[in-house]
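A.B. asks: Sequence and predicted structure, then a few things I'm wondering about:
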Amino acid sequence: MTATSTAPSGTAPASSTHSHAALVTSQFGTTAANYVTSAVHAGGPDLAFMTDIVRRRSGGRVLDMGCGGGHVAYHAAPYAREVVASDLSKDMLAAVEQQAAERGLTNIVTQQCGAETLPFTAGSFDLVMTRYSAHHWRHFPAGIAEARRVLSPEGRAVFADVVTPGDPLLDTFLQSVEMLRDPSHIRNYSVEEWQRTIEAAGFSHCTTERFRLRLEFKSWITRMRTPPVMADAIRALQEQMASEVRDYFAIEADGSFTIDTMVMVARPA
(Lines give C-alpha, C1' and ligand atoms only; values in the text may rest on other atoms or scores of the structure.)
Protein backbone atom coordinates (compact mmCIF):
# COMPACT_ATOMS: atom_id res chain seq x y z
CA MET A 1 0.00 0.00 0.00
CA THR A 2 1.16 3.52 -0.66
CA ALA A 3 -0.97 5.32 1.93
CA THR A 4 0.73 6.45 5.13
CA SER A 5 -0.70 7.44 8.48
CA THR A 6 0.65 9.55 11.30
CA ALA A 7 0.32 8.31 14.89
CA PRO A 8 -0.82 10.78 17.53
CA SER A 9 2.00 12.61 19.31
CA GLY A 10 3.69 10.40 21.88
CA THR A 11 2.31 7.10 20.55
CA ALA A 12 3.96 4.39 18.50
CA PRO A 13 2.71 3.53 15.01
CA ALA A 14 0.37 0.56 14.81
CA SER A 15 2.33 -2.65 14.34
CA SER A 16 1.84 -5.03 11.44
CA THR A 17 -0.13 -8.19 12.18
CA HIS A 18 0.64 -10.20 9.04
CA SER A 19 3.43 -12.73 8.60
CA HIS A 20 6.48 -12.30 6.42
CA ALA A 21 5.02 -14.77 3.91
CA ALA A 22 1.86 -12.67 3.72
CA LEU A 23 3.98 -9.55 3.26
CA VAL A 24 5.86 -11.15 0.36
CA THR A 25 2.66 -12.20 -1.39
CA SER A 26 1.14 -8.78 -0.78
CA GLN A 27 4.17 -6.92 -2.12
CA PHE A 28 4.56 -9.02 -5.24
CA GLY A 29 0.89 -9.77 -5.87
CA THR A 30 0.23 -6.17 -6.85
CA THR A 31 3.43 -5.83 -8.87
CA ALA A 32 3.46 -9.15 -10.75
CA ALA A 33 3.07 -7.60 -14.20
CA ASN A 34 5.95 -5.21 -13.48
CA TYR A 35 8.33 -8.12 -12.95
CA VAL A 36 7.24 -9.89 -16.11
CA THR A 37 8.12 -6.79 -18.14
CA SER A 38 11.15 -5.66 -16.09
CA ALA A 39 14.24 -5.23 -18.28
CA VAL A 40 16.50 -5.99 -15.30
CA HIS A 41 14.80 -9.35 -14.77
CA ALA A 42 14.15 -10.21 -18.43
CA GLY A 43 17.80 -10.15 -19.51
CA GLY A 44 21.39 -9.69 -18.49
CA PRO A 45 24.63 -11.69 -18.62
CA ASP A 46 23.69 -13.68 -15.51
CA LEU A 47 20.49 -14.95 -17.15
CA ALA A 48 22.41 -15.79 -20.33
CA PHE A 49 24.91 -17.74 -18.21
CA MET A 50 22.09 -19.68 -16.53
CA THR A 51 20.39 -20.39 -19.85
CA ASP A 52 23.61 -21.83 -21.23
CA ILE A 53 23.75 -24.28 -18.32
CA VAL A 54 20.25 -25.55 -19.19
CA ARG A 55 21.17 -25.80 -22.85
CA ARG A 56 24.25 -27.90 -22.06
CA ARG A 57 22.21 -30.22 -19.82
CA SER A 58 19.15 -30.31 -22.09
CA GLY A 59 16.23 -32.69 -21.77
CA GLY A 60 15.88 -32.64 -18.00
CA ARG A 61 13.33 -31.46 -15.47
CA VAL A 62 13.97 -27.95 -14.17
CA LEU A 63 12.72 -26.16 -11.06
CA ASP A 64 12.59 -22.35 -11.16
CA MET A 65 12.47 -21.80 -7.41
CA GLY A 66 10.93 -18.48 -6.36
CA CYS A 67 10.26 -17.76 -10.01
CA GLY A 68 8.96 -14.20 -9.69
CA GLY A 69 8.24 -12.97 -13.22
CA GLY A 70 9.30 -16.37 -14.62
CA HIS A 71 12.27 -15.33 -16.73
CA VAL A 72 14.43 -18.31 -15.79
CA ALA A 73 11.52 -20.59 -16.71
CA TYR A 74 10.98 -18.92 -20.09
CA HIS A 75 14.67 -19.22 -20.99
CA ALA A 76 14.95 -22.80 -19.71
CA ALA A 77 11.80 -24.15 -21.38
CA PRO A 78 13.20 -24.57 -24.92
CA TYR A 79 15.88 -26.93 -23.58
CA ALA A 80 13.95 -28.78 -20.84
CA ARG A 81 11.51 -31.66 -20.74
CA GLU A 82 9.49 -29.79 -18.11
CA VAL A 83 9.93 -26.59 -16.10
CA VAL A 84 8.17 -26.14 -12.78
CA ALA A 85 7.89 -22.48 -11.77
CA SER A 86 7.26 -22.17 -8.03
CA ASP A 87 6.49 -19.05 -6.01
CA LEU A 88 4.65 -17.90 -2.90
CA SER A 89 2.54 -15.43 -4.88
CA LYS A 90 -0.42 -16.85 -6.79
CA ASP A 91 -0.61 -13.57 -8.72
CA MET A 92 2.99 -14.02 -9.88
CA LEU A 93 2.18 -17.57 -10.95
CA ALA A 94 -0.90 -16.42 -12.85
CA ALA A 95 1.25 -13.87 -14.69
CA VAL A 96 3.80 -16.60 -15.51
CA GLU A 97 1.07 -18.91 -16.81
CA GLN A 98 -0.30 -16.17 -19.04
CA GLN A 99 3.13 -15.24 -20.36
CA ALA A 100 4.08 -18.88 -20.99
CA ALA A 101 0.87 -19.38 -22.96
CA GLU A 102 1.52 -16.25 -25.03
CA ARG A 103 5.03 -17.53 -25.79
CA GLY A 104 3.78 -21.03 -26.67
CA LEU A 105 5.83 -22.62 -23.86
CA THR A 106 3.59 -25.58 -23.11
CA ASN A 107 6.11 -27.39 -20.87
CA ILE A 108 5.96 -24.80 -18.06
CA VAL A 109 3.77 -25.66 -15.07
CA THR A 110 3.37 -23.67 -11.85
CA GLN A 111 3.27 -24.56 -8.16
CA GLN A 112 2.45 -22.23 -5.28
CA CYS A 113 4.83 -22.86 -2.38
CA GLY A 114 7.61 -21.34 -0.33
CA ALA A 115 11.27 -22.18 -0.90
CA GLU A 116 11.55 -23.76 2.54
CA THR A 117 8.68 -26.24 2.00
CA LEU A 118 8.87 -27.57 -1.54
CA PRO A 119 6.08 -30.12 -2.24
CA PHE A 120 8.26 -32.28 -4.48
CA THR A 121 9.77 -35.70 -3.96
CA ALA A 122 13.47 -36.08 -3.26
CA GLY A 123 15.73 -36.14 -6.30
CA SER A 124 12.96 -35.20 -8.73
CA PHE A 125 14.76 -32.40 -10.62
CA ASP A 126 17.82 -32.43 -12.86
CA LEU A 127 18.34 -28.68 -12.40
CA VAL A 128 17.25 -26.47 -9.51
CA MET A 129 17.58 -22.78 -10.32
CA THR A 130 16.74 -19.60 -8.45
CA ARG A 131 17.36 -15.97 -9.38
CA TYR A 132 16.75 -12.81 -7.33
CA SER A 133 14.62 -14.75 -4.84
CA ALA A 134 16.76 -15.94 -1.92
CA HIS A 135 17.03 -12.51 -0.30
CA HIS A 136 13.28 -12.80 0.43
CA TRP A 137 13.44 -16.26 2.05
CA ARG A 138 12.50 -16.27 5.72
CA HIS A 139 14.83 -19.22 6.39
CA PHE A 140 17.73 -19.06 3.94
CA PRO A 141 19.52 -22.31 5.00
CA ALA A 142 16.21 -24.21 4.91
CA GLY A 143 15.57 -23.06 1.34
CA ILE A 144 19.03 -24.18 0.26
CA ALA A 145 18.51 -27.52 2.03
CA GLU A 146 15.24 -27.99 0.13
CA ALA A 147 17.03 -27.28 -3.15
CA ARG A 148 19.50 -30.03 -2.25
CA ARG A 149 16.73 -32.46 -1.29
CA VAL A 150 14.82 -32.20 -4.57
CA LEU A 151 17.94 -32.30 -6.78
CA SER A 152 18.89 -35.58 -8.44
CA PRO A 153 22.27 -37.14 -7.53
CA GLU A 154 23.76 -36.11 -10.89
CA GLY A 155 21.98 -32.78 -11.04
CA ARG A 156 23.13 -29.20 -10.64
CA ALA A 157 21.85 -26.30 -8.58
CA VAL A 158 22.24 -22.77 -9.92
CA PHE A 159 21.84 -19.91 -7.45
CA ALA A 160 21.76 -16.29 -8.63
CA ASP A 161 21.19 -13.23 -6.48
CA VAL A 162 22.35 -9.81 -5.45
CA VAL A 163 25.30 -10.15 -3.08
CA THR A 164 26.74 -7.88 -0.45
CA PRO A 165 30.43 -6.93 -0.71
CA GLY A 166 30.78 -8.11 2.89
CA ASP A 167 32.36 -4.92 4.21
CA PRO A 168 30.14 -3.73 7.14
CA LEU A 169 29.89 -0.15 5.88
CA LEU A 170 28.84 -1.20 2.39
CA ASP A 171 26.65 -4.01 3.69
CA THR A 172 24.64 -1.74 5.99
CA PHE A 173 23.93 0.70 3.18
CA LEU A 174 22.81 -2.02 0.77
CA GLN A 175 20.48 -3.73 3.26
CA SER A 176 19.02 -0.35 4.27
CA VAL A 177 18.08 0.83 0.78
CA GLU A 178 16.75 -2.62 -0.12
CA MET A 179 14.38 -2.66 2.87
CA LEU A 180 13.28 0.95 2.39
CA ARG A 181 12.31 0.05 -1.16
CA ASP A 182 10.71 -3.29 -0.27
CA PRO A 183 9.86 -4.29 3.34
CA SER A 184 9.70 -7.96 2.33
CA HIS A 185 13.48 -7.87 1.80
CA ILE A 186 15.39 -9.88 4.39
CA ARG A 187 19.06 -9.96 3.46
CA ASN A 188 21.54 -9.99 0.62
CA TYR A 189 24.29 -12.45 1.54
CA SER A 190 27.98 -12.38 0.68
CA VAL A 191 29.52 -14.93 -1.69
CA GLU A 192 31.29 -16.44 1.31
CA GLU A 193 27.99 -16.82 3.19
CA TRP A 194 26.50 -18.50 0.14
CA GLN A 195 29.41 -20.92 -0.08
CA ARG A 196 29.20 -21.87 3.59
CA THR A 197 25.43 -22.36 3.40
CA ILE A 198 25.41 -24.54 0.29
CA GLU A 199 28.22 -26.70 1.67
CA ALA A 200 26.36 -27.13 4.97
CA ALA A 201 23.32 -28.27 2.97
CA GLY A 202 25.27 -31.03 1.24
CA PHE A 203 26.43 -29.32 -1.91
CA SER A 204 29.91 -29.18 -3.40
CA HIS A 205 30.69 -25.71 -4.75
CA CYS A 206 31.59 -25.73 -8.44
CA THR A 207 31.94 -22.21 -9.78
CA THR A 208 30.93 -18.62 -9.08
CA GLU A 209 30.47 -15.97 -11.74
CA ARG A 210 30.28 -12.35 -10.59
CA PHE A 211 28.56 -9.44 -12.29
CA ARG A 212 27.81 -5.75 -11.75
CA LEU A 213 24.24 -4.56 -12.30
CA ARG A 214 23.20 -0.93 -12.75
CA LEU A 215 19.78 -0.08 -11.30
CA GLU A 216 18.01 2.90 -12.85
CA PHE A 217 16.43 4.56 -9.82
CA LYS A 218 13.02 5.56 -11.20
CA SER A 219 12.20 2.17 -12.69
CA TRP A 220 13.65 0.40 -9.62
CA ILE A 221 11.21 2.07 -7.23
CA THR A 222 8.31 2.14 -9.72
CA ARG A 223 8.56 -1.63 -10.21
CA MET A 224 7.90 -2.20 -6.48
CA ARG A 225 5.49 0.76 -6.14
CA THR A 226 7.69 2.12 -3.37
CA PRO A 227 5.83 4.85 -1.43
CA PRO A 228 7.23 8.34 -2.03
CA VAL A 229 8.23 8.74 1.62
CA MET A 230 10.44 5.64 1.32
CA ALA A 231 11.88 6.71 -2.03
CA ASP A 232 12.74 10.08 -0.51
CA ALA A 233 14.41 8.32 2.42
CA ILE A 234 16.58 6.30 0.03
CA ARG A 235 17.66 9.44 -1.80
CA ALA A 236 18.42 11.23 1.48
CA LEU A 237 20.49 8.28 2.66
CA GLN A 238 22.40 8.14 -0.63
CA GLU A 239 23.24 11.82 -0.39
CA GLN A 240 24.53 11.54 3.18
CA MET A 241 26.70 8.46 2.76
CA ALA A 242 30.49 8.48 2.97
CA SER A 243 32.50 8.73 -0.22
CA GLU A 244 33.54 5.06 0.08
CA VAL A 245 29.89 4.05 -0.22
CA ARG A 246 29.04 6.51 -2.97
CA ASP A 247 32.06 5.40 -5.00
CA TYR A 248 31.57 1.65 -4.53
CA PHE A 249 27.91 1.72 -5.56
CA ALA A 250 28.55 4.37 -8.24
CA ILE A 251 25.65 6.48 -6.97
CA GLU A 252 24.50 8.88 -9.67
CA ALA A 253 22.83 12.28 -9.47
CA ASP A 254 19.35 10.81 -10.08
CA GLY A 255 19.79 8.05 -7.49
CA SER A 256 20.69 5.28 -9.93
CA PHE A 257 23.39 2.98 -8.59
CA THR A 258 25.28 -0.25 -9.27
CA ILE A 259 25.27 -3.45 -7.21
CA ASP A 260 27.03 -6.82 -7.18
CA THR A 261 25.33 -10.01 -8.34
CA MET A 262 26.55 -13.57 -8.73
CA VAL A 263 25.64 -16.95 -10.20
CA MET A 264 26.85 -19.93 -8.18
CA VAL A 265 26.77 -23.47 -9.56
CA ALA A 266 26.82 -26.44 -7.18
CA ARG A 267 26.47 -30.21 -7.35
CA PRO A 268 25.51 -32.74 -4.67
CA ALA A 269 28.52 -33.55 -2.50
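C.D. replies: That came in fine, so what should we check first?
A.B. asks: Enumerate every residue touching Cys67.
C.D. replies: For Cys67, the contacting residues are 73, 85-87, 92-93, 96, 110, 133, by C-beta atoms under 8 Å, 6 or more residues apart in numbering. Backbone N, C-alpha and C define where each C-beta goes, glycine included.
A.B. asks: any idea what the closest residue to Arg131 other than its chain neighbours is structurally, helix, strand or coil?
C.D. replies: Sequence neighbours aside, Ala160 is the residue nearest to Arg131 in space, at 4.1 Å (criterion: C-beta to C-beta, 6 or more residues apart in numbering). Under DSSP: H, G, I helix; E, B strand; the rest coil, Ala160 falls in the strand class.
A.B. asks: Quick check: Ala160 vs Ala134, distance?
C.D. replies: 9 Å (C-beta to C-beta, to the nearest Å).
A.B. asks: Please enumerate the strands of this structure.
C.D. replies: Counting by DSSP state E, the chain has strands at residues 61-65, 82-87, 108-112, 125-131, 151-163, 203-215, 257-268.
A.B. asks: can you put those strands in CSV and add mean neighbour count, mean pLDDT and distance to Ser176?
C.D. replies: Below are the strands of the chain laid out as CSV (neighbours: other C-beta atoms under 10 Å; pLDDT from 0 to 100; distance: least, C-beta to C-beta, whole Å):
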stretch, mean neighbour count, mean pLDDT, distance to Ser176
strand 61-65, 28, 98, 27
strand 82-87, 25, 97, 26
strand 108-112, 18, 98, 31
strand 125-131, 25, 98, 23
strand 151-163, 20, 98, 14
strand 203-215, 14, 95, 15
strand 257-268, 20, 98, 13
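A.B. asks: Indicate which one of the ones you listed is closest to Glu178.
C.D. replies: strand 151-163 (7.9 Å; C-beta to C-beta).
A.B. asks: OK, contacts around the residue nearest to Ser204 when sequence neighbours are not counted?
C.D. replies: Excluding its sequence neighbours, the residue lying closest to Ser204 (C-beta to C-beta, 6+ apart) is Ala269, at 4.3 Å. Neighbouring residues of Ala269 by C-beta under 8 Å, 6+ apart: 199, 202-204.
A.B. asks: Likewise for Thr208?
C.D. replies: Residues counted as contacts of Thr208 (C-beta under 8 Å, 6+ apart) are 191, 194-195, 262-265.
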